[in-house]
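J.: Let's see this in three dimensions:
(chains A, B, C and D)
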Protein chains: 2
Amino acid sequence: MTTDIPRVERAVREVSTAPAVATLEAVAALAGVSKSTASRVINGSPRVTEQAITRVNAAIAQLHYVPNRAARNLVRRRTQMIAMVIPERTAAFFADPYFAEVIQGAAMYASTTDYTLTLLIESEADAEKTHRFLQSGSVDGALLLSHHSSSATYLELSRSLPVVFGVRPVDDLEFEAHTVDVDNVAAAAIATQHLVDRGRTRIATITGPLAATAARDRLAGWRSTLEAAGLASGSASESALELVEEGDYTPASGAAAVERLLARGLPFDGLFVASAQMASGALSVLREHGLSVPGDVAISTIDNNSFSTDTKPQLTTVDLHTSEKGAEMVKALLQLIAGEAVERETWIPIELVQRDSA
Amino acid sequence: MTTDIPRVERAVREVSTAPAVATLEAVAALAGVSKSTASRVINGSPRVTEQAITRVNAAIAQLHYVPNRAARNLVRRRTQMIAMVIPERTAAFFADPYFAEVIQGAAMYASTTDYTLTLLIESEADAEKTHRFLQSGSVDGALLLSHHSSSATYLELSRSLPVVFGVRPVDDLEFEAHTVDVDNVAAAAIATQHLVDRGRTRIATITGPLAATAARDRLAGWRSTLEAAGLASGSASESALELVEEGDYTPASGAAAVERLLARGLPFDGLFVASAQMASGALSVLREHGLSVPGDVAISTIDNNSFSTDTKPQLTTVDLHTSEKGAEMVKALLQLIAGEAVERETWIPIELVQRDSA
DNA sequence: CTGAAAGCGCTTACAG
DNA sequence: CTGAAAGCGCTTACAG
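T.: Below you'll find the predicted structure:
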């Protein structure tokens, strides 16, 4: 009503727009009841007559009425919104199918509820902003995919807002967080055991960045499986436990890691790679060196995504059911918001998918 | 203050919660001004004294005040939220780095504004639900990444809500949509021309699903480049224009497509593949057949992502600046919402990235 | 420049 | 079962 352009635009709008958004008042009037009754019908209150219900519903249909979210949220002190917080760095590495899958699973599940999922990119530079947003009551709860910020910060956050973590916080026993995760030790153990079952006796591994718990867990799963199978013996220098190289989850790092492994001259006939991305990189290098897979080296890995099926041979891997994890995170959060009891830890089931690399 | 359960819950909250959320009223009181003035300061109104400003800001800081979004949205008739609509099928194929990149770019940009991006998965089964949501005033605008639904439906939508498309709607001239896209014809032409410049004379192509405009555009770019270079001559059966196979953007389909190309027995020394994903699949097959790249067959493609760098040799490709596209979509939408004039079509610049495959 | 007041569109005790 | 009324927390003409 002030500047010129908007005025014109509004006029145009008024003409071209679909019937102005209906209000509760209009519905009530059309149905011949009070706003109170109309509202009760809408919210499924049991204290209304059949007749009121039908009439209100008819009015709603006729008017294409949809409750105004802001008004409803204001009085309910709810926003019907939850946030998925992902660190900026992760966003940049969105190429990693892992995060995309979690987010997809979460978004899919959320879309079946009447909660809305918003993506919150936490800039490393201004994590404060994210926290302010979360504290401002803009969302009813938050999903944290990782926590580059200090655990303390998040502890604080989780005290004023329902929060579900997608990774276990670094051994902070005081931390009463709710988490939905996968048993990484077991995943690695299953993949490694498969190699053992295939008769491999010198099983090497390529790990993820060992700064992260998940990578360390996978390393531990590999090691304990070798020990249990009696494949960890030998002098220190020739023990299979020596066959460890670290990567950063990218294909290139996987390739570099096998190169190093090969350069060390220690023989190995099995290789557990902590991620399919790295495995695909490792696989090419092995073949370049004239090594056959699974003939000379059997490979098993973790993550059932395009990286495990785009290779030749396709990779035997452990499916972490990642999009299910995203869904479960949302589910747990909504229960928390509803005040229901939720297990401190939810473990997503994992599963070996046998293909051709081992 | 009324029902029992809430009362208890509130009590619990009060104890465990960080300082109860401050309200405008509290800020005003602490600052010794009216809510009106406090509100003006918060909203940057010029009609306030310096003194008022400093006192209100001090109060805000002290109380950690953050405006309640619902209340603000209610009165402003704004939600400060925009939705990114992606069809369910796309969500499932989230593995395709393309969508992940667009979304990431959009989320990143949005996070620098005070708009919130929500991911809306449009179920094929219940597209109605999505439309209801969009029409309900829950968001101020929508970003459409693709449109499996009829153009008509979206045309209708775009009449009641600012909408920005990420793909050009199928030649619907009446359709006054705003779109942010890339010039696919040019992208293909650049990639193909590079092959021509490298001295290749029989240049084949692997297209995306030709049902989509983008795939047809890329095919057209390839064709016109060959024609312009005089490489399209010859009898129909041996014209390079015959060297076309269709894929579906997955690596496997790229592999299958070259197999068919090879099976036809027509020689080719250049190959333009419409996506890096397909190119990676095609590349392996070529090498399996003992063909060297770029020696025997030079390859150029489109999309600068992990698929173009994880191969050996790495792929010469056209960078579509996909995450920039996501950002530009948000930018255009926010301008539309603000009532500013926006170009009907925004073209994202593209760029040849020369690597080793051609 | 500032405050009192109205109102955004709902929900929900309260009193029939 | 139902309606009148209050109130959720803001913003913004309106009248100083």
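J.: buried set for the helix or strand encompassing A:Thr54?
T.: Following DSSP states H and E, one finds A:Thr54 within helix A:50-63. Judged by neighbour count (16 or more other C-beta atoms under 10 Å in any protein chain shown), helix A:50-63 contains these buried residues: A:52-53, A:55-57, A:59-60, A:63. Every residue, glycine included, has its C-beta placed from N, CA and C.
J.: Give me the contact status of stretch A:339-353 with DNA strand C.
T.: No: Stretch A:339-353 lies out of reach of DNA strand C by C-beta under 7 Å from any atom of the strand, never closer than 14.0 Å.
J.: quick one: buried residues of that stretch?
T.: Buried residues in stretch A:339-353, counted by 16+ other C-beta under 10 Å: A:342, A:346, A:348, A:350.
J.: got a list of what the residue positioned nearest the centre of chain A touches?
T.: Nearest to the mean C-alpha position of chain A, by C-alpha atoms, centre = their mean, lies A:Val102 at 2.8 Å. A:Val102 sits next to A:145, A:166, A:322-323, A:325-326, A:329 when contact means C-beta atoms under 8 Å, 6 or more residues apart in numbering or on different chains.
J.: Need the max-distance pair from the residues you listed.
T.: A:Leu145 and A:Ser323 (13.3 Å; C-beta to C-beta).
J.: Now do the SS call for A:Thr37.
T.: Secondary structure for A:Thr37, judged by DSSP: H, G, I helix; E, B strand; the rest coil, is helix.
J.: Identify the residues contacting the residue lying closest to it once chain neighbours are set aside.
T.: The shortest distance from A:Thr37 to any non-neighbouring residue, by C-beta to C-beta, 6 or more residues apart in numbering or on different chains, is to A:Ala52 (5.4 Å). A:Ala52 is in contact with A:31, A:33, A:37, A:40-41, counting by C-beta under 8 Å, 6+ apart.
J.: Please list which of these are also close to DNA strand C.
T.: Checking those against DNA strand C (C-beta under 7 Å from any atom of the strand), the matches are A:Arg40.
J.: Kindly present the contacts of A:Ala52 as TSV, with separate columns for neighbour count.
T.: TSV is the format used below for the contacts of A:Ala52 (neighbours: other C-beta atoms under 10 Å in any protein chain shown):
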residue	neighbour count
A:Ala31	23
A:Val33	21
A:Thr37	20
A:Arg40	18
A:Val41	23
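J.: Now tabulate the contacts of A:Ala52 in JSON lines and tack on secondary structure.
T.: Below are the contacts of A:Ala52 laid out as JSON lines (three-state DSSP):
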{"residue": "A:Ala31", "secondary structure": "helix"}
{"residue": "A:Val33", "secondary structure": "coil"}
{"residue": "A:Thr37", "secondary structure": "helix"}
{"residue": "A:Arg40", "secondary structure": "helix"}
{"residue": "A:Val41", "secondary structure": "helix"}
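J.: Which two of the contacts of A:Ala52 have the greatest separation?
T.: By the measure C-beta to C-beta, A:Ala31 and A:Arg40 form the most distant pair in the contacts of A:Ala52, at 11.7 Å.
J.: For A:Gln80, state which of the buried residues of stretch A:339-353 is nearest.
T.: The shortest approach to A:Gln80 among the buried residues of stretch A:339-353 belongs to A:Val342, at 18.9 Å (C-beta to C-beta).
J.: before we move on, what SS does the closest one have?
T.: coil.
J.: A:Val180 too?
T.: Once three-state DSSP is applied, A:Val180 turns out strand.
J.: ok, back up a step: among the buried residues of stretch A:339-353, which lie within strands?
T.: Secondary structure from DSSP state E places A:346, A:348 of the buried residues of stretch A:339-353 in strands.
J.: Stretch A:116-127 near chain B anywhere?
T.: Yes: Stretch A:116-127 reaches chain B (C-beta under 8 Å from any C-beta of the partner chain) through A:116-121, A:123.
J.: So for the closest residue to DNA strand C within the stretch 101-250 of chain A, what's the pLDDT?
T.: For the stretch 101-250 of chain A, the residue closest to DNA strand C is A:Asp114, as judged by C-beta to the nearest atom of the strand, at 11.3 Å. According to the prediction, A:Asp114 has pLDDT 80.
J.: Look up how far A:Arg72 lies from it.
T.: Using C-beta to C-beta, to the nearest Å, A:Asp114 is found at 11 Å from A:Arg72.
J.: okay, those two: which has more neighbours?
T.: Taking A:Asp114 and A:Arg72 together and counting by other C-beta atoms under 10 Å in any protein chain shown, A:Arg72 has the greater number of neighbours (18 against 10).
J.: Now that one. Its backbone dihedrals?
T.: Dihedral pair for A:Arg72: phi -60, psi -50, per degrees, to the nearest 10.
J.: residue contacts, it?
T.: Applying C-beta under 8 Å, 6+ apart, we find A:Arg72 in contact with A:Arg78.
J.: burial count for A:Pro209?
T.: For A:Pro209, the count of nearby residues is 14 (other C-beta under 10 Å).
J.: try A:Ser306
T.: Neighbours of A:Ser306 under the rule other C-beta under 10 Å: 21.
J.: pretty sure it is touching A:Pro97, no?
T.: Yes: counting by C-beta atoms under 8 Å, A:Ser306 touches A:Pro97, with 6.5 Å between them.
J.: Can you give me the separation between the nearest residue to A:Phe307 once chain neighbours are set aside and DNA strand D?
T.: Leaving aside its chain neighbours, A:Phe307 sits nearest to A:Ala276 (3.9 Å; criterion: C-beta to C-beta, 6+ apart). Going from A:Ala276 to DNA strand D by C-beta to the nearest atom of the strand, to the nearest Å gives 48 Å.
J.: Now do the phi/psi pair for A:Ala276.
T.: Main-chain dihedrals, A:Ala276, degrees, to the nearest 10: phi -60, psi -30.
J.: hang on, the residue of the stretch 101-250 of chain A closest to DNA strand C packs against A:Gln80?
T.: Yes: in this structure, A:Asp114 is within contact of A:Gln80 by C-beta under 8 Å, at 6.1 Å.
J.: Tell me how many other residues crowd the closest residue to A:Leu266 other than its chain neighbours.
T.: Nearest non-adjacent residue to A:Leu266, counting by C-beta to C-beta, 6+ apart: A:Leu243, 6.2 Å away. For A:Leu243, the count of nearby residues is 22 (other C-beta under 10 Å).
J.: again, but for A:Ala204
T.: Number of residues near A:Ala204 (other C-beta under 10 Å) recorded here: 29.
J.: contacting residues around it?
T.: Here A:Ala204 is in contact with A:240, A:243-245, A:261, A:268, A:270-272 (C-beta under 8 Å, 6+ apart).
J.: any idea how far it lies from A:Gly254?
T.: Distance from A:Ala204 to A:Gly254, counting by C-beta to C-beta: 12 Å.
J.: How about A:Ala188?
T.: Distance, A:Ala188 to A:Gly254, by C-beta to C-beta: 15 Å.
J.: Check whether A:Ala232 really touches A:Arg223, as I assumed.
T.: Yes: the pair A:Ala232 / A:Arg223 is scored as a contact, 7.2 Å apart, by C-beta under 8 Å.
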